[in-house]
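Visitor: Return atomic coordinates for the entry below.
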Amino acid sequence: MRKLLTLGLGLAMVVAITGNAAAEYPTRPITFMTMTQPGAQIDRLTRGLAQRMSKILGEPINVKNVTGSHGTVMATELSRSKPDGYTLGVTSLTAYTYAPHHAKLSYKPDDFDYLTLVALNSSGFISKSDKPWKTLKEAFAWHKKNNKAMVAMFHGADDRDALMRMAKKEGVNLSLIPSKGGPSVIKAVTGGHASVGYVGAILYKFVEAGSIKLIAAALGERLPPIPDVPTLREQGYDEQVEMIVALVAPKGLDAGVKAKILAAMDKLAKDKETQEFITGNLLMRPVEWGEAHADKTVKEQHKTFGVQAEKK
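Guide: Residues are numbered from 1 along each chain as shown. The predicted structure follows:
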């Protein structure tokens with residue numbers, strides 16, 4: 001009886017301590033991991049969110065760049081992190097919805113809590129401004145006519161595979177180079193190391209400067225700042241590549257901790273300055289915020305990509 005009483009008191013103390021930790025959260029700095037190198041558009045988004053969320057929660061939020069394989073390296077580290085609310089990730093969803101169907105990974109989509117979507121990164125395929133083509137379709141035609149392999153820099157498995165399917169359709173050989181984020185793609189394309197590259201909204205300022213040109217919008221719609229460039233589908237390809245960015249946590253957050261994080265994100269979702277930062281400053285596309293929508297999006301995309309993978 002004494003042992004049972006002692007055990008009961010012990011469990012009560014654990015529950016009390018856990019409850020207090022949730023009530024007091026956060027009591028120390030938080031880390032936001034991001035999948036891109038410093039200066040990339042998702043890195044800039046991460047730092048902007050960290051700064052704004054820090055003011056709400058009252059503790060510093062540091063940013064840690066964990067690059068590699070378009071988010072899967074970061075996702076691996078995040079999956080191994082303690083689910084205490086002090087390590088979160090700002091990342092493209094493809095590492096959780098697309099990559100698991102095409103690579104052997106140490107994590108599963110169910111190993112995470114998808115707290116909210118935050119933005120859709122405008123994206124497209126680019127070339128150096130002096131290249132003799134205006135569209136991706138024309139770029140393939142030029143390489144085929146001149147019997148040259150197209151050197152292309154990709155972001156992740158999804159845009160890489162789309163490039164491979166389009167090149168196969170056009171009868172063009174590809175030489176593929178992985179990137180570490182937008183800045184590395186821009187550098188490769190402007191430096192003449194790649195004829196074509198896939199990149200996010202960072203492309204806008206370089207198009208404006210005249211060093212690169214957009215040759216295909218990768219979303220399901222044309223990019224508003226450059227409305228004259230057709231989408232992949234408009235160029236004859238049944239392809240669409242989306243970089244939906246989300247706030248993700250390792251599975252198992254305390255309910256009280258999660259509630260505080262979600263409340264902070266809800267404030268940012270309703271904050272006009274934050275939304276202007278995302279859509280006006282970063283030129284990313286708006287999305288619906290909230291955990292329920294994030295969960296639904298992950299499940300739908302994972303199912304869609306799974307069907308595509310089975311058809312290979």
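
Visitor: Endpoints of stretch 172-182, how far apart?
Guide: Start to finish, the residues bounding stretch 172-182 are 25 Å apart (CA to CA, to the nearest Å).

Visitor: For that stretch, the averaged confidence score.
Guide: The predicted model gives stretch 172-182 an average pLDDT of 90.

Visitor: before we move on, which element is the closest residue to residue 268 other than its chain neighbours in?
Guide: Using CB to CB, 6 or more residues apart in numbering and skipping the chain neighbours, the partner closest in space to residue 268 is residue 274 (4.7 Å). Where C-beta positions appear, they are placed from N, C-alpha and C, glycine not excepted. Following DSSP states H and E, one finds residue 274 within helix 272-276.

Visitor: Quick check: next helix or strand after that helix?
Guide: Defined by DSSP H and E, the subsequent element after helix 272-276 is helix 291-310.

Visitor: who's in contact with stretch 153-162?
Guide: Outside stretch 153-162, the residues that touch it by CB atoms under 8 Å, 6 or more residues apart in numbering are 69-71, 92, 94-95, 98-99, 102-103, 123, 163, 176-179, 181, 184-185, 188-189, 193-194, 196-200, 218, 232, 237, 239, 241, 243.

Visitor: Report the rounded mean pLDDT for that stretch.
Guide: Rounded mean pLDDT across stretch 153-162 is 88.

Visitor: Please go through this structure and pick out the longest strand.
Guide: Scanning the chain for the strand with the most residues, using DSSP state E, yields strand 112-121.

Visitor: How far off centre is it?
Guide: On the basis of CA atoms, centre = their mean, to the nearest Å, strand 112-121 sits 9 Å off its chain's mean C-alpha point.

Visitor: What is that strand packed up against?
Guide: helix 41-57, helix 72-79, strand 87-92, strand 243-250, helix 255-270, helix 291-310 (3 or more CB pairs under 8 Å, 6 or more residues apart in numbering; DSSP states H and E).

Visitor: Mind listing what's buried along the last one?
Guide: What that stands for is helix 291-310. Buried residues in helix 291-310, counted by 16 or more other CB atoms under 10 Å: 291, 294, 297-298, 301-302, 305.

Visitor: Stretch 266-274 too?
Guide: Across stretch 266-274, burial judged by 16+ other CB under 10 Å covers 268-269, 274.

Visitor: Kindly provide the distance from residue 60 to residue 308.
Guide: Distance of residue 60 to residue 308, given as CB to CB, to the nearest Å: 41 Å.

Visitor: what's residue 122 in contact with, if anything?
Guide: Contacts of residue 122 (CB under 8 Å, 6+ apart): 200-201, 203-204, 219, 223, 283-285.

Visitor: Number of residues surrounding the closest residue to residue 56 other than its chain neighbours?
Guide: Closest residue in space to residue 56, ignoring its immediate chain neighbours: residue 264 at 4.4 Å, by CB to CB, 6+ apart. Using other CB atoms under 10 Å, residue 264 has 19 other residues around it.

Visitor: Residue 264 and residue 58 touch, don't they?
Guide: No - taking CB atoms under 8 Å as the definition, residue 264 is not a contact partner of residue 58, at 10.1 Å.

Visitor: Contacts only, for the closest residue to residue 43 other than its chain neighbours.
Guide: Spatial nearest neighbour of residue 43, excluding adjacent residues (CB to CB, 6+ apart): residue 36 at 4.8 Å. By CB under 8 Å, 6+ apart, the residues touching residue 36 are 42-43, 65, 67, 180-182.

Visitor: in which helix or strand would I find residue 62?
Guide: In this assignment (DSSP H and E), residue 62 forms part of strand 61-65.

Visitor: Quick one: list the elements packing against that strand.
Guide: strand 30-34, helix 41-57.

Visitor: following the longest strand of the chain, which helix or strand shows up next?
Guide: Per DSSP H and E, the first helix or strand lying C-terminal to strand 112-121 is strand 124-128.

Visitor: helices or strands up against that following strand?
Guide: helix 182-190, strand 196-199, helix 203-209, strand 212-217.

Visitor: Paired strands for the shortest one, with orientation please.
Guide: What that stands for is strand 196-199. Here strand 196-199 is paired, per DSSP bridges, with strand 124-128 (antiparallel), strand 150-154 (parallel).

Visitor: list the buried ones in the last one?
Guide: Right, strand 150-154. 150-154.

Visitor: Relative to residue 30, how far out is the residue nearest to residue 56?
Guide: 10 Å.

Visitor: Please render the contacts of residue 36 as CSV that adds neighbour count to the earlier fields.
Guide: Below are the contacts of residue 36 laid out as CSV (neighbours: other CB atoms under 10 Å):
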residue, neighbour count
42, 28
43, 22
65, 18
67, 19
180, 17
181, 24
182, 27
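
Visitor: how is the chain carved up into domains?
Guide: Listed by automatic domain parsing, the domain ranges of the chain are 2-121+242-310, 124-235.
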